[in-house]
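Trainee: Coordinates only, no sequence provided:
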C-alpha cells in the first residue's frame with residue numbers, strides 16, 4: 001500500500017480495492033457499456049422497450065432486457081406495466097437514476113474530448129503487437 005495515503009480501513013473507511021467494499025459493488029453498475037446509454041436514453045422521460053431499442057444502435061433485445069432489469073434492480077429505473085392489449089410497458093428513471101446522470105455526463109464529456117487520443121493509442125498498440133518479439 002502506498003505510504004502517502006493513510007490506511008482508512010483501520011477507521012472503518014471504504015477501500016474500493018477490497019472485495020467487500022460497498023462502493024465497489026455499486027461501481028460495478030457502471031462497468032456495463034449499455035447502462036450509461038440506457039440511462040441517458042431515459043433522461044427525457046419514460047420510454048417503451050421498442051423505442052429504447054431503436055434509439056440504442058447495436059444493442060440486442062437480450063442485452064436491453066438485461067440492462068433494464070439490472071437498472072430496475074439497482075433502483076435506477078422503474079418499470080410500469082399498463083393493463084392494455086397488448087400490454088404497454090414504460091421504463092423511467094428514478095430519482096436515484098437521475099442523480100447518476102451528472103457522473104455519466106462527465107464520463108461522456110471526457111470520452112468526447114479524448115476519443116481520438118484513445119483510438120490513436122489503440123492503433124499504435126495494435127501496430128506494435130504485430131511486430132515480432134525481440135529479446136532484450
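Mentor: The structure has been received and is ready for your questions. Just so we're clear, the structure is a prediction, and the values are computed from it rather than from any experiment. Residues are numbered from 1 along each chain as shown.
Trainee: Helices along this protein, start to end?
Mentor: 22-27, 33-41, 49-55, 61-73, 95-99, 101-130 (DSSP state H).
Trainee: looking at the ones you listed, which is closest to residue 88?
Mentor: Residue 88 sits nearest to helix 49-55 of all the helices of the chain, at 9.7 Å, using C-beta to C-beta. Any C-beta I mention is one placed from the backbone N, CA and C, and that applies to glycine too.
Trainee: How about that closest one, which residues are buried there?
Mentor: Applying a neighbour-count criterion of 16 or more other C-beta atoms under 10 Å, one finds 49, 52, 53 buried in helix 49-55.
Trainee: Now find how far off-centre the worst-scoring helix or strand of the chain on mean pLDDT is within its chain.
Mentor: Every helix and strand in the chain was compared by mean pLDDT, DSSP states H and E; the lowest is helix 22-27, with a mean of 79. Centre-to-centre, helix 22-27 and its host chain are 13 Å apart (C-alpha atoms, centre = their mean, to the nearest Å).
Trainee: Pull the residues that contact stretch 35-45.
Mentor: 29-30, 47, 52, 55-56, 59, 64, 67-68, 70-71, 76-77, 91-93, 97-98, 100-101, 104, 107-108 (C-beta atoms under 8 Å, 6 or more residues apart in numbering).
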